[in-house]
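*Asks:* model this:
(chains A, B, C and D)
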Number of protein chains: 2
Amino acid sequence: MTRKNNILLAATHLLAVKGFKETSMAELAKVAEVAQGTIFYHYKTKEDLFLAILKSFQEDIVAEFSRYRQAQQSACGLDMVAGVIDFYLHMASQMEERFMLLHRHDAHELARSNAEFHACLEAIYDCLIDIFEQAILAGQKDGSIGECSPRRMAMIVFTMVDGLVRFHTYNLYDVGGLYEDVVRVCEAMLKNNIQ
Amino acid sequence: MTRKNNILLAATHLLAVKGFKETSMAELAKVAEVAQGTIFYHYKTKEDLFLAILKSFQEDIVAEFSRYRQAQQSACGLDMVAGVIDFYLHMASQMEERFMLLHRHDAHELARSNAEFHACLEAIYDCLIDIFEQAILAGQKDGSIGECSPRRMAMIVFTMVDGLVRFHTYNLYDVGGLYEDVVRVCEAMLKNNIQ
DNA sequence: AAAAATTGATTGAGTAGTCAGTATAAAAGG
DNA sequence: CCTTTTATACTGACTACTCAATCAATTTTT
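*Replies:* Numbers count the residues shown, from 1 in each chain, chains lettered A, B, ... in the order given. The predicted structure is shown next:
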């Protein structure tokens, strides 16, 4: 049991940091401190192993985000959006490597030919966008957020926040000070009626 | 000359669609309709070839965007921002494959160990963000855009628009209707004083 | 005839996945 | 309590194959 878990942990790290094709089973075996054969005993193929990682990520992320949704009870919907952004960024740094997995093309490419990958990715993204949508809907109910398509706005906010995480991963610009700006910008664009 | 260009074109396509590691020189030779040796006659290594592609992209994108900057003379800065978003999305669909190249981790990973890659990527991103910044600065001058850090706002707008392009590439959601929303959202967040 | 461009067979390192066999430990039988 | 059986976990050498890069030989251009 320890070994199977070692493999999963080491593989998550390597696939996130180096990518699917760039990670060899020989290297993984070394990092996980098992024999190469052991990996294939637990996971039929390299793709299978990747899928197992993604599935465990899906479970964890869905659990984590639904736990947050139930725990929080902010004053108004607009503040909830700010809270969700904060929580998203917190999660992204907590699960940094697994979020990197989402930002690579590997999973998305496999999703094109493998239905299980596709379903898994869809579930993850739905969960991520849902949490923004819920906050916006709450804001529309209490009047703190203007008339708009909640789903579309949720996708736009998600796009912004996720882009920030990506920027940070790529390390091209110092993104530290942008977090607060993004929160303010989102509030500005939501509290006013947009068309 | 024809062959060298064939190689560059075919390589751009393959690297964008399949990725660096996933593209073999044998396959490239077949697509470019040259012998494998010919590729290595013109480009010392696979990495060299990639760098040549990125450099040519840099030149083209810088030229294209500075041409646009000089050509346009919109009414006010706020409208200019909308115009720039439009232009960016237009460019991204015109140069779809090369933008895909930017979104892959390949170039960013090479940039970590190879200074030329780093410089090239930095130049490209600077150019992309600059054009948004210019529009925001113009808007602040003519009063159509409120007080804010132009660079930071430019990065946020860029993050949104680029995220949209990425969404489209990954094909997870129908992103068609979002274009107009993003333009409206950007206007809403810029025309009001934030902070 | 000298220089530049092109070729494809070849090389050696690296790849995912297999497999015959070994270790471990729990259950069954004496 | 001590064997024997059975199932599961594990091992690393091995296979068949792919890869980037090389190079001697050939063709094309100047």
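*Asks:* outline the domain layout of chain A.
*Replies:* Domains of chain A are assigned by automatic domain parsing as A:1-43, A:47-191.
*Asks:* centre of the chain to the last one, how far?
*Replies:* In terms of C-alpha atoms, centre = their mean, to the nearest Å, the centre of domain A:47-191 is found 6 Å from the chain centre.
*Asks:* and chain A, which of its residues are near chain B?
*Replies:* Contact residues, chain A versus chain B (C-beta under 8 Å from any C-beta of the partner chain): A:19, A:21-22, A:103-105, A:108, A:121-122, A:125, A:149, A:152-153, A:155-156, A:159-160, A:162-164, A:167, A:170, A:172-173, A:177-178, A:181-182, A:184-185, A:188-189, A:192, A:194-195. For every residue, glycine as well, the C-beta is placed using N, CA and C.
*Asks:* which residues sit against stretch A:134-151?
*Replies:* A:69, A:76-81, A:83-84, A:129, A:133, A:153-154, A:157, A:190-195, B:181 (C-beta atoms under 8 Å, 6 or more residues apart in numbering or on different chains).
*Asks:* distance of the residue nearest the centre of chain A relative to B:Ala135?
*Replies:* For chain A, the residue nearest the mean C-alpha position is A:Phe99 (4.8 Å; C-alpha atoms, centre = their mean). Noted for A:Phe99: a distance of 31 Å to B:Ala135, by C-beta to C-beta, to the nearest Å.
*Asks:* coming back round to it: quick one: buried ones out of the contacts of stretch A:134-151?
*Replies:* For the contacts of stretch A:134-151, a neighbour count by 16 or more other C-beta atoms under 10 Å in any protein chain shown gives the buried set as A:76-81, A:83-84, A:129, A:133, A:153-154, A:157, A:190-191, A:194, B:181.
*Asks:* could you count how many residues lie near A:Ala75?
*Replies:* A:Ala75: 10 surrounding residues under other C-beta atoms under 10 Å in any protein chain shown.
*Asks:* I misspoke; the intended subject was A:Ala107.
*Replies:* A:Ala107 has 24 nearby residues by other C-beta under 10 Å.
*Asks:* give me the element it is part of.
*Replies:* helix A:105-113 (DSSP states H and E).
*Asks:* what residues sit buried inside that helix?
*Replies:* Neighbour-count burial for helix A:105-113 [16+ other C-beta under 10 Å]: A:His105, A:Asp106, A:Ala107, A:His108, A:Glu109, A:Leu110, A:Ala111.
*Asks:* how about the residues of chain A near DNA strand D?
*Replies:* A:Met1, A:Thr2, A:Arg3, A:Lys4, A:Val34, A:Ala35, A:Gln36, A:Gly37, A:Thr38, A:Phe40, A:Tyr41, A:His42 (C-beta under 7 Å from any atom of the strand).
*Asks:* the fifth one: neighbouring residues, count only.
*Replies:* Yep, that's A:Val34 we're talking about. Applying other C-beta under 10 Å, I find that A:Val34 has 19 neighbouring residues.
*Asks:* which residue is the nearest non-sequential neighbour of A:Trp84?
*Replies:* Slight slip there: residue A:84 is Val, not Trp. A:Ala135 (4.9 Å; C-beta to C-beta, 6 or more residues apart in numbering or on different chains).
*Asks:* quick one: that neighbour from B:Leu178, how far?
*Replies:* A:Ala135 is 19 Å from B:Leu178, by C-beta to C-beta.
*Asks:* between these two, which is the more surrounded one?
*Replies:* The residue with more neighbours, out of A:Ala135 and B:Leu178, is A:Ala135; 29 against 22, by other C-beta under 10 Å.
*Asks:* what does the pLDDT read for that one?
*Replies:* pLDDT for A:Ala135: 94.
*Asks:* before we move on, what about the one 5 residues further on?
*Replies:* Per-residue confidence at A:Gln140 stands at 94 (pLDDT).
*Asks:* so which strand or helix has it?
*Replies:* Going by DSSP H and E, A:Gln140 is part of helix A:115-142.
*Asks:* quick one: buried residues of that helix?
*Replies:* Here helix A:115-142 shows A:117-118, A:120-121, A:123-125, A:127-140 as buried, counting by 16+ other C-beta under 10 Å.
*Asks:* quick one: the helix or strand following that helix to helix A:115-142, angle?
*Replies:* Counting by DSSP H and E, the next helix or strand C-terminal to helix A:115-142 is helix A:150-170. If you take axes from the mean of the first three to the mean of the last three C-alpha atoms, to 10 degrees, helix A:150-170 sits at 120 degrees to helix A:115-142.
*Asks:* now do helix A:150-170 and helix B:105-113, the angle between them.
*Replies:* 30 degrees.
*Asks:* pLDDT averaged over helix A:150-170, what's the number?
*Replies:* On average, helix A:150-170 scores 92.
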